[in-house]
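Asks: sequence? don't have it. structure:
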């Protein structure tokens, strides 16, 4: 159950598909030359494989222990986290001003994938801290930033996001937690649920970001403010002061990510928890939405990571397990010689490759959107980020569940035995389509905010890029390339057709009824786009006789397999949208409960 | 987390789609009139809901306890099993000669669905006993039958199937357990793994059926014999004698079905376990294959059952949970008003309905194959059983995993919390595509033994029935019926095209590379066939103004939803077969391990 980061694949995406050198031409990232990137990827791979990955399965078995408000993490987590902080990984993407490495997101995406693949439960802690850092760096006053950011970037203090309440899950308008003004601060009272790493023993302090309502705040989403509420108050000199009035009252017993504490947090059981307003009153939800791009990209990368780990696990088993005689093989051949085992491995591998490339593509645009010195370039990449994020989050995670489930299947009866470890990947992956916005929420974001709001402008830019990829390979000869060129063209057709269908929908209920099918179709089409582009690069190397021939051949095989075995589902999703959306609306709640 | 058996749906399939009255015209089942069937279904539903279902979640939490070779089942299981035996359910489908109810399989299918939905862990014990009863009833000598069957039919003794060994899973040719002749019996030595209910505390005796090799038996599948090996030897007067030399050495820690003990069994650690040959030497595997039809149908029904339970669970949550504002609804509407929640419920519900109807269709043919007094009818129904069983087993169980996972998704964050119970259905469902032959094994059975061996004869009979269904509705007017008639026709086309593709395949590796895609396409197409037939019956009631209008309308809505939201995946599977099989073969193990 080891994890070996797929460095070759990762570097191929970074260096060849996405020309990471161009990112280093952004002024902010001048130091992040391709050589530096390669070195960082190697180091992160080593840390992921040697320090974090070995704790994955033991952490699942041990889980976390709640005792009287305190949470003990699984054996080894505290020590590994200390190493993680020591190595500086927590600040990979944070500004150097606060002690971060200041890496671009495209590189951070690869680091995140590896850390999440190694150990999702462990990886959640820095993922949440990162979100809190962004909220503070983006919107908090200078004194708040000076008080909190350096320790959070270092990782000696961790961060949490306190959004959900029992009645307020996907619908944050229903938040009831209250904030009462009290001089230079506020007193927070309320209960929050599902708070990842809300309490634990790995850091000196825990900085909670909490959504709450001020007295007389407007109803609904426009009356929610964001507060920073530390576990230990911070003295003027930066030292830790009194314990704040907040407490972890329980941890959840979950299907997966057992080593990640999911806490119910009580704020203000006594006088009220001391909190400080972040930015302006009543703009909390807006701040959350801006941060969400990175958090959702992070969860999409969890999908990629856990899918890759499940694939590695299944591939190893398929090479070692001997059973039956495959056509053309000797009796007792390893099960990888059976065609259906290879079909399953292909579905796992090629979707993981596609989702990785798509997620890194979004990360690259995030860097250009934030750091290009050209306003038009920034705007164009921001549109690209905005439209890709819900697809990366929604599709990569749905894909991860399918892939992890196939991983169990390849193991046969052994897959159902927990000691094998294959089942953990499925259990862990199962949360990724739920938190940071369910797939349904991602799909509404895609069709509503990202396609309909700009009347399809960002979607048409995407179609243009897909058409360009198709055109670039149209002249290539041979059977493989005739399939791949046709697939690239059809991928563009599907994105275009679905965008047109959405824009032509008059009934306000139709986009919502079609949204998840559209999200899947986009994911499958954009995955095809990325794999065809990678195959074209590989073909160029093969034609020139340079590069790693065996590796380049795998890229062609992956693209072809995906085009013929995975991509057909995009047609089914398209048909479900264009012909079947009214049948969804016709299935009324009255019929379902008849 | 209650379970309420879907009696209306079940009776509609039994009485209207499958005309259960015709089954009562078979001489064996003259007493099983429709009135009797209805009463039995009501009683089984009550038992499932009131006695077995309440133990499902507590059983998952408690699991089983192994202590020094003994296995204690979860609290309440022993008492519920005693009630189960007392009520006679264990012998539902067994001959009255041995004390069974002598019900036809079509009725037993509905009983099985309900019991498995109520509690898969519990339901596995009688499912395994049933398999052992069939083996003994079919092949054992009269003295063996007289010794074991009455108690096994009653359920005071339970049965097991000991096939798997560490090196022999899907490939039973690799079985190594040895049987040494010793006078009137044999001495069995060897280790078996994954033995469901291999040891437990619910019955007075456990009758193990064990695959083993005689000295000098031929290599491979033709050298395997079947033995009956009781936990306690049975004296001449039928009383229990000495403990046999066999022992449960451990139980597995599994992803799901926690309350079902999965045992590693050691036979003959001392002198050898006393066993008796069933039937003739070296024909054990052949006997197993004959029994497997019923066991695989049983597992297919587990898929239907757990899918229905997951659907009920999610439907209830969707009606109660309030979150957000759906288009056209008030704020804080129940989430069932959100279109994507209804889409998910529709995918869950309509596939479950389709799989139920298909499984019962196979069960009906099993009765006619075994009990018709007309040889041609028997042969025709046997062909139908043979081709349907791998589809029922493979597709219903794959469907069940998808459905149970959607059930988790509908629950959002709550779905990931074990106390909610939604996750248990997914964990339990996850075994059904693995045991009694993986989906890969089912698909090889379908394409090899069931389609290619008779050169497509059984498949063509199926196509003819699908065409007849399409023709029967071709004249109906209205938009719904134009969709449904076209879908029925396309379902026939797909089954026909894939059969033709298989028959035209010369490369012996191609069927294996396409098999799982073919199985899915068959399942989706046959599901459409059954739903269209049910919709036609419902339409006839609606046109005549008789019957339950609201119920009949749900049947039309289900068929339409399935046709437009679920069935498109059949086209994707077809494309993957006809255009993509070579891409599977091209993804060699060399490429995967490059």
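Replies: Cool, got the structure. Values in this document were obtained by computation on a predicted structure and should not be read as measured data.
Asks: show me which residues of the stretch 451-594 of chain A are close to chain B?
Replies: By C-beta under 8 Å from any C-beta of the partner chain, the residues of the stretch 451-594 of chain A that approach chain B are A:508-509, A:512-513, A:515-517, A:550-551, A:553-554, A:557, A:560-561, A:563-565, A:568-569, A:571-573, A:575-576, A:579-580, A:583-589, A:591-594. Every C-beta, even on glycine, is put in place using the N, C-alpha and C of the backbone.
Asks: can you select the buried ones from those in PyMOL?
Replies: Listed next is the PyMOL selection for buried residues among these, using 16 or more other C-beta atoms under 10 Å in any protein chain shown:
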select buried, chain A and resi 509+512+513+515+516+517+553+554+557+560+561+563+564+565+568+569+571+572+573+575+576+580+583+584+585+586+587+589+591+592
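Asks: just the closest residue of the stretch 401-550 of chain A to chain B, please.
Replies: Of all residues in the stretch 401-550 of chain A, residue A:513 sits closest to chain B, with a separation of 3.6 Å (C-beta to the nearest C-beta).
Asks: now that residue. Its backbone dihedrals?
Replies: phi -80, psi -20 (degrees, to the nearest 10).
Asks: neighbours around residue A:416, how many?
Replies: 25 (other C-beta atoms under 10 Å in any protein chain shown).
Asks: how near is it to residue B:256?
Replies: Between residue A:416 and residue B:256 the distance is 7 Å, computed by C-beta to C-beta, to the nearest Å.
Asks: the residue of the stretch 401-550 of chain A closest to chain B against residue A:577, yeah?
Replies: No - using C-beta atoms under 8 Å, residue A:513 is not in contact with residue A:577, being 9.0 Å away.
Asks: returning to what we had before: now for the residue of the stretch 401-550 of chain A closest to chain B: which residues touch it?
Replies: A:581, A:584-585, B:339-340, B:342-343 (C-beta atoms under 8 Å, 6 or more residues apart in numbering or on different chains).
Asks: can I get these in JSON lines with secondary structure, pLDDT and distance to residue A:366?
Replies: Output for these, formatted as JSON lines (DSSP: H, G, I helix; E, B strand; the rest coil; pLDDT from 0 to 100; distance: C-beta to C-beta, whole Å):
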{"residue": "A:581", "secondary structure": "helix", "pLDDT": "98", "distance to residue A:366": "32"}
{"residue": "A:584", "secondary structure": "helix", "pLDDT": "97", "distance to residue A:366": "33"}
{"residue": "A:585", "secondary structure": "helix", "pLDDT": "96", "distance to residue A:366": "36"}
{"residue": "B:339", "secondary structure": "helix", "pLDDT": "96", "distance to residue A:366": "31"}
{"residue": "B:340", "secondary structure": "helix", "pLDDT": "97", "distance to residue A:366": "27"}
{"residue": "B:342", "secondary structure": "helix", "pLDDT": "98", "distance to residue A:366": "35"}
{"residue": "B:343", "secondary structure": "helix", "pLDDT": "98", "distance to residue A:366": "31"}
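Asks: wait, which of these is closest to residue B:78?
Replies: residue B:342 (41.8 Å; C-beta to C-beta).
Asks: for that closest one, list the residues it contacts.
Replies: For residue B:342, the residues meeting the contact criterion (C-beta under 8 Å, 6+ apart) are A:513, A:584, A:587-589, A:592, B:336.
Asks: residue A:364 touches residue A:21, doesn't it?
Replies: No - applying C-beta under 8 Å, one finds residue A:364 not in contact with residue A:21, separated by 11.6 Å.
Asks: of those two, who's got more company?
Replies: When neighbours are counted by other C-beta under 10 Å, residue A:364 and residue A:21 differ, and residue A:364 comes out ahead with 26 against 14.
Asks: tell me the confidence at the more buried one?
Replies: At residue A:364, the pLDDT value in this model is 98.
Asks: helix/strand/coil for it?
Replies: Recorded secondary structure, residue A:364: helix (DSSP: H, G, I helix; E, B strand; the rest coil).
Asks: show me what contacts it?
Replies: A:18, A:20, A:23, A:105-106.
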